[in-house]
Structures are given as C-alpha cells and as structure tokens.
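1. Here is my input; please provide its structure:
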Amino acid sequence: MPAKSQAQFRLMKAAENNSKFAKKVGIKPSVAKEFTESNVGKKSYKNLPLKDGGPSLSVERGEKLPVSQGAGLTAKGRAKYNRETGSNLKPPQPEGGKRKDSFCARMGPIARASEKGSRARASMKRWACSGW
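-> Below you'll find the model as predicted:
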C-alpha cells in the first residue's frame, strides 16, 4: 500500500530505519520497509525531508523571474519544485479568488517590512494585491 501523504511516508521511513522509533510507534521495521517500497512507480517522496531548505532555483536558469519582471517562479521553476518536493504549486492568481486573498493577506506584512525593490514587494505587485 503506497503512502497517502508525505507525513505518512516520513513516519514509515523513520520506522524502517530506526528500530527504537519503530517500537515506540508500534510498527515493525519490516512492515515499514514493505510500505515504503510499495511507492515504486508512484510518489516516492525520496527527497524528504528537505535538509537544505528546498531545491535550488535560479533566475539565470529561467526558474525564477527577476524583481524587475515581478519576481516569483516561472512554469519551469514550479515544475522543478513540484518534482523535487512532491508539492503542487500553482501559478499566481492575479485575477482574483481565494488563493489571491490568502496570498495577499500572508505576504502583506512581509512586503511592508521589506525594503523597496525586494522580491516580496514585486510579488505583491505581480499578484495585483490592492495598494501595491
């Protein structure tokens, strides 16, 4: 049975590799190993957990936009991030909706505290948040 989530996969991977932990959570290491191996051909979550803060994304490789163009990830950058982390990032939603409202509410205080010309301010402008 493949993992249903990243958290479940991490739990089973930990139980597979650490017998003390496996005993504590009540999972046999052999069962955990079988569980994690069943993800072959599906989401393997092999890169979890991310120890270095995530995949390396660059403006030069076309994975991020420069601040002058509104900052943020390009389609290529989102694809790389999703592939390496198992996430499901979506493109900006400047036309409106729940995602836009949520983004503007979360990023607003960060952008206000940052200096002019920062990526945070550029992203607020790109998402067409009010007041930017």
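2. Quick check: Pro92 vs Asn82, distance?
-> From Pro92 over to Asn82 the distance is 15 Å, taken as Cβ to Cβ, to the nearest Å. The C-beta positions use only the backbone N, C-alpha and C, and glycine is treated the same way.
3. my bad, Lys100
-> 20 Å.
4. can you pull the contacts of Ser87?
-> Tyr81 (Cβ atoms under 8 Å, 6 or more residues apart in numbering).
5. what about it, helix or strand, and which?
-> When elements are assigned from DSSP states H and E, Ser87 belongs to no helix and no strand.
6. neighbouring contacts of the top helix by length along the chain?
-> Across the chain, the longest stretch assigned as helix under DSSP state H is helix 98-113. If you take Cβ under 8 Å, 6+ apart as the criterion, helix 98-113 is touched by 90, 92-94, 118, 120-121, 123-124, 127-130, 132.
7. please redo it, this time with the cut-off set to 7 Å
-> Residues outside helix 98-113 that contact it (Cβ atoms under 7 Å, 6 or more residues apart in numbering): 93-94, 120-121, 123-124, 127, 129.
8. ok, of those, which come out buried?
-> 120-121, 123-124, 127, 129 (16 or more other Cβ atoms under 10 Å).
9. From Ile27, how far off is the spatially most central residue of the chain?
-> For the chain, Ser87 is the residue whose C-alpha lies nearest the centre (Cα atoms, centre = their mean; 4.9 Å). For Ser87, the distance to Ile27 equals 26 Å [Cβ to Cβ].
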